[in-house]
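Asker: just a sequence and a predicted model for now, questions to come.
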Amino acid sequence: MCSKLWYFVIFLFINTNIVTKADALGKNNGFIQRELDLDRSDTPKNILVGSVIGGGSHLNPMLEVCKILVDRGYKVKLAAPGNFTATSPLYHSIPQFIIEEPSDTYASPELRKIFFDKYDFKSLANEQMTFNERYLEYFNKYFQAYKETKADLFFCDYDGNDACFDLAWKLKKPAVGFASNTEFFTAPPPFRSDPMVGCRVNMENESFYNRFICAIIQPLRLDWHFRKNLNYLNARRAEVNVSKHYDIRGRIVNNLFLVDSFFGFEVPSAWPPIHQEIGPILPDIYPDLSSELDLFLSDHPRTMYIALGSYVYTTPENYAILLQSALELINNNILDGVIWATVRFNESELPSSFTLSTGDVIPTSKLLNNLYPHIYVTKYAPQFAILSHENTKVFISHGGVSSSHESMYSATPMLILPIAFDQPGNAEKLVLSGMALELSKLDLKIDDIISKVIKLMNEKSFKMNAERMQVLLKFNSKRKYRGADLIEIVMNLAKRDGNYLDVFGVAIIIGLALISSLLYSFYKIIMFTFKKLSLRNRNSQEGSSKPKNE
């Protein structure tokens, strides 16, 4: 104890001495302190954040960046479905324009098909068309929000959100895009792809045939399947006097794009400077464990956490297989506890009971009412707090961006059941990182789950790789401030563009004058040549028409 106290005293003395010397150096040796404060008095202040999907996975990271901008004096307003910020303990200070009331659309036949069947770029095209069909509605709602906010900059979520980028373009306002990964808002280099198009995320070690198909053929097929969407979208654009655009990725080529990802998770490649990875974007605070969950985790040192996100879901058969696997893992003493956050799943679709391999029968009602001592079932759970607990050993997840980041931050090995969207690509990247294994929603088996959970718990490499990813996460988790800085840069550049209108105007006039002079000179040369040729022809004709005796 005394030695620790002495170390602390020495530490204080050294640091105090360093500060004192630095102050003396600044005051007595002709140095001044570098100031970081910016004069924002004449900077445009109003920012409109737009998302047509909404929900925590899309809005939380965007609003984390916006909270920093609010602290710097900017006025931010959100335009998104539902009343997200009013019910959020983290972002309630940001006012919201509600573009539509929340609706229980997650059980629609279209989404069930996406979640239950194979997910590929045809599924993505069909999903995109549902947003295109509401383009005019979204465009008008954004325009109404703009009139209320007088936005100086649009901060647009990328997914299904052409209306946000198009309105900014029409109003001649800067737009900053936001995406959760780097695959879809711009064409990736040929060695990067995605399972959605039937390819691997890293194609470097694939055969020539696979590389040719994924670099040449699949992008052409992607463009072909999206052509109907693009033609439909351009027809809607014409109705609001927005010019046509023929890139399936939208009017975003010259926009700054912020990406909620990081080097080490994404396959390394060079990106243009206007594409900036600023992830992982994580809140500074999270909900804590309830007393019941805290007690459960303390009493179960080998706990597995199951959560498939707040939006996607899988088949009732798959949920039954997951729960049966959890019971078998507990029965075989591989695990001693399971926490299951059901969220979107309808528990009434489970079978009435589960029969274990030992012949024991456990009623489902006993599990759902938390009367079985080794399983804790809840609709919603404080996920980050659960993953951060030392007794959580494995996380069965859908592989969403937020869940992936939180699992890496807490160094929790993952067993991933990807459902749709970016989740298959995230799952493959996590497997490549060495901290995860993957399941198939189309071929989910109890034995496969059990064997992979055993592997994740017993092979030390998974935990070691998770801890390696944890280091990358913690270093990179500060970059949301970089995202706010970049938005400020765009705001300042947009403000100063008008200062050079006179210069660019004169340059255009000079250019037009030079072009006119060149065209006039070219015209005079042509006319001179034409006259010379005409005179020569006339003289030759007159010479040939004279009588021979002359």
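Answerer: Yep, that arrived.
Asker: quick one: end-to-end length of stretch 285-294, please.
Answerer: Stretch 285-294 has an end-to-end distance of 18 Å (criterion: Cα to Cα, to the nearest Å).
Asker: buried stuff in it?
Answerer: 289, 293 (16 or more other Cβ atoms under 10 Å). For every residue, glycine as well, the C-beta is placed using N, CA and C.
Asker: Ser123 - how many residues pack around it?
Answerer: 18 (other Cβ atoms under 10 Å).
Asker: from memory Ala79 sits against Tyr142, does it?
Answerer: Yes: the pair Ala79 / Tyr142 is scored as a contact, 6.0 Å apart, by Cβ atoms under 8 Å.
Asker: show me the shaky parts of the stretch 401-550 of the chain.
Answerer: Applying pLDDT under 70 to the stretch 401-550 of the chain picks out residues 495-505, 538-539, 541-550.
Asker: can you map out the strands along it?
Answerer: 414-416, 436-438 (DSSP state E, counting those that start in this stretch).
Asker: contacts for the first one, please.
Answerer: By Cβ atoms under 8 Å, 6 or more residues apart in numbering, the list of residues contacting strand 414-416 from outside reads 394-399, 404, 407, 423, 426-427, 430-431, 435-439, 449, 452-453, 456.
Asker: strand partners (parallel or antiparallel) of that strand?
Answerer: Paired neighbours of strand 414-416 in the sheet (DSSP bridges): strand 392-397 (parallel), strand 436-438 (parallel).
Asker: quick one, which of the ones you listed is packed in tightest?
Answerer: Neighbour counts (mean count of other Cβ atoms under 10 Å) averaged over each of those peak at strand 392-397, with a mean of 25.
Asker: Cys156 belongs to a strand?
Answerer: Yes: Cys156: assigned to a strand according to DSSP: H, G, I helix; E, B strand; the rest coil.
Asker: how many residues are close by the closest residue to it other than its chain neighbours?
Answerer: Closest residue to Cys156 apart from its sequence neighbours, by Cβ to Cβ, 6 or more residues apart in numbering: Cys164 at 3.7 Å. Residues lying near Cys164 (other Cβ under 10 Å) number 26.
Asker: which stretches of this protein have low pLDDT?
Answerer: In the chain (pLDDT under 70), the answer is 1-28, 102-107, 183, 185, 495-505, 538-539, 541-550.
Asker: give the contact list for the nearest residue to Cys214 once chain neighbours are set aside.
Answerer: Spatial nearest neighbour of Cys214, chain neighbours left out: Cys199 (3.8 Å); criterion: Cβ to Cβ, 6+ apart. Each residue near Cys199 by Cβ under 8 Å, 6+ apart is listed here: 193, 210, 213-214, 218.
Asker: so the nearest residue to Val240 once chain neighbours are set aside, which state does it fall into?
Answerer: Spatial nearest neighbour of Val240, chain neighbours left out: Phe139 (5.5 Å); criterion: Cβ to Cβ, 6+ apart. Classification of Phe139 by three-state DSSP places it in helix.
Asker: number of nearby residues for Phe139?
Answerer: With other Cβ under 10 Å as criterion, Phe139 counts 21.
Asker: what distance do you get for it to Ser51?
Answerer: 14 Å (Cβ to Cβ, to the nearest Å).
Asker: how far off centre is the longest helix out of those in the chain?
Answerer: Taking DSSP state H as the criterion, the chain has its longest helix at helix 501-545. Taking the mean of its C-alpha atoms, helix 501-545 sits 57 Å from the chain's own mean (Cα atoms, centre = their mean, to the nearest Å).
Asker: so who does the nearest residue to Pro382 once chain neighbours are set aside touch?
Answerer: For Pro382, ignoring the flanking residues on the chain, the nearest one in space by Cβ to Cβ, 6+ apart is Pro287 at 4.1 Å. By Cβ under 8 Å, 6+ apart, Pro287 lies in contact with 382, 384-385.
Asker: and if we set it to 10 Å?
Answerer: 89-90, 380-385 (Cβ atoms under 10 Å, 6 or more residues apart in numbering).
Asker: just the buried residues of those residues.
Answerer: 90, 381-385.
Asker: what's the most distant pair in these?
Answerer: Of all pairs drawn from those, the greatest distance, 17.1 Å, lies between Leu90 and Ala381 (Cβ to Cβ).
Asker: returning to that earlier point: hmm, which two among the contacts of Pro287 are most spread apart?
Answerer: Between all members of the contacts of Pro287, the farthest pair (by Cβ to Cβ) comes out as Leu90 and Ala381, at 17.1 Å.
Asker: can you get me a residue count around the nearest residue to Tyr372 once chain neighbours are set aside?
Answerer: Distances taken as Cβ to Cβ, 6+ apart put Lys366 closest to Tyr372, at 5.2 Å, once the chain neighbours are dropped. Using other Cβ under 10 Å, the number of residues around Lys366 comes to 13.
Asker: please, which helix or strand holds Lys366?
Answerer: Taking DSSP states H and E as the criterion, Lys366 maps to helix 364-368.
Asker: mind listing what's buried along that helix?
Answerer: Under 16+ other Cβ under 10 Å, the buried positions of helix 364-368 are 364, 367-368.
Asker: now those as a markdown table including distance to Met129?
Answerer: Shown next, in a markdown table, are those (distance: Cβ to Cβ, whole Å):
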| residue | distance to Met129 |
| --- | --- |
| Thr364 | 39 |
| Leu367 | 40 |
| Leu368 | 38 |
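Asker: show the backbone phi and psi for the residue positioned nearest the centre of the chain.
Answerer: When Cα atoms, centre = their mean is applied to the chain, the residue found nearest the centroid is Ser180 (1.0 Å). Backbone geometry at Ser180, expressed as degrees, to the nearest 10, gives phi -90, psi -10.
Asker: that one reaches Gly279, doesn't it?
Answerer: Yes: contact status for Ser180 versus Gly279: in contact at 8.1 Å, counting by Cβ atoms under 10 Å.
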